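**Q** the following comprises the amino acid sequence and a computationally predicted model.
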Amino acid sequence: MRVQPMTTDHEYRLLCGMSAYVEAVSAAVGVGPESCTLDLDSPMSAYIALDGQLAAHPGRDTALIWDERHGWSLTIETHSGEDLLVVACLGGELVPPPSRVRDFVRTVSARTQRAPSPAPPDLRRERTDLLCRLLDYWTPLAGCR
């Protein structure tokens with residue numbers, strides 16, 4: 001099977017779908033779009049700063065990160081400003097419903113015991129498949145935010 005290259009139109013729709021999906025996830029976890037950033041390079045990624053801290057990691061800011069290889073992970077900030085530390089990976093599917101991401105955050109946030117950093121799952125898909133999954137979250141008439 002030959003994979004067709006992404007066109008400018010596909011890239012635009014990918015941006016719009018990803019923006020709408022991340023906005024839906026941010027709303028589900030209780031933060032606004034101002035808490036979100038997107039990086040559309042390859043691999044594409046997203047960052048959502050969360051309110052609150054994890055019971056097992058008091059005093060550390062938390063964030064959700066997503067990338068097109070591993071899906072969603074819950075992370076904590078380091079005290080030294082280095083890379084984020086992954087606390088848990090959602091796994092299962094690359095673009096889960098926002099309610100599933102919310103439940104994941106709630107479950108991990110409630111844990112009182114620290115666990116070793118997990119190995120991220122490989123959920124990689126073709127960008128055209130990712131685009132199809134993200135388009136469920138974007139209404140073309142609403143434009144691209």
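**A** Nice, I can see it.

**Q** and the helix or strand of the chain with the lowest mean pLDDT, what does it pack onto?
**A** Confidence across the helices and strands of the chain bottoms out at helix 127-134, with a mean of 85, counting by mean pLDDT, DSSP states H and E. When contacts are defined as 3 or more Cβ pairs under 8 Å, 6 or more residues apart in numbering; DSSP states H and E, helix 127-134 packs onto helix 8-28. To be clear about C-beta, it is placed using only N, CA and C from the backbone, and glycine gets the same treatment.

**Q** what residues does the helix it packs on touch?
**A** 6, 32-33, 35-36, 38, 40, 44, 46, 48, 64, 66, 72, 95, 98-99, 101-102, 127-128, 130-131, 133-140, 142-145 (Cβ atoms under 8 Å, 6 or more residues apart in numbering).

**Q** what subset of those residues is buried?
**A** 35-36, 44, 46, 48, 64, 66, 72, 95, 98, 101-102, 127, 130-131, 134-135, 137-138 (16 or more other Cβ atoms under 10 Å).

**Q** tell me where this structure is predicted with low confidence.
**A** 1-7, 81, 141-145 (pLDDT under 70).

**Q** so which residues of it form strands?
**A** 36-39, 45-49, 62-67, 71-76, 85-89 (DSSP state E).

**Q** tell me how far the last one lies from the chain's centre.
**A** Spelled out, that is strand 85-89. From the chain centre to the centre of strand 85-89 is a distance of 12 Å (Cα atoms, centre = their mean, to the nearest Å).

**Q** check the shortest one too.
**A** Offset of strand 36-39 from its chain centre (Cα atoms, centre = their mean): 9 Å.

**Q** mind listing what that strand pairs with, with the direction of each?
**A** strand 45-49 (antiparallel) (DSSP bridges).

**Q** alpha carbons of the partner strand, as CSV, please.
**A** Provided in CSV are the C-alpha atoms of strand 45-49 (Å, rounded to 0.1, in the frame of the first residue of the first chain):
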residue,chain,number,x,y,z
SER,A,45,3.2,17.3,20.5
ALA,A,46,1.0,19.1,23.0
TYR,A,47,1.4,20.4,26.5
ILE,A,48,-1.4,21.3,29.0
ALA,A,49,-0.4,22.9,32.3
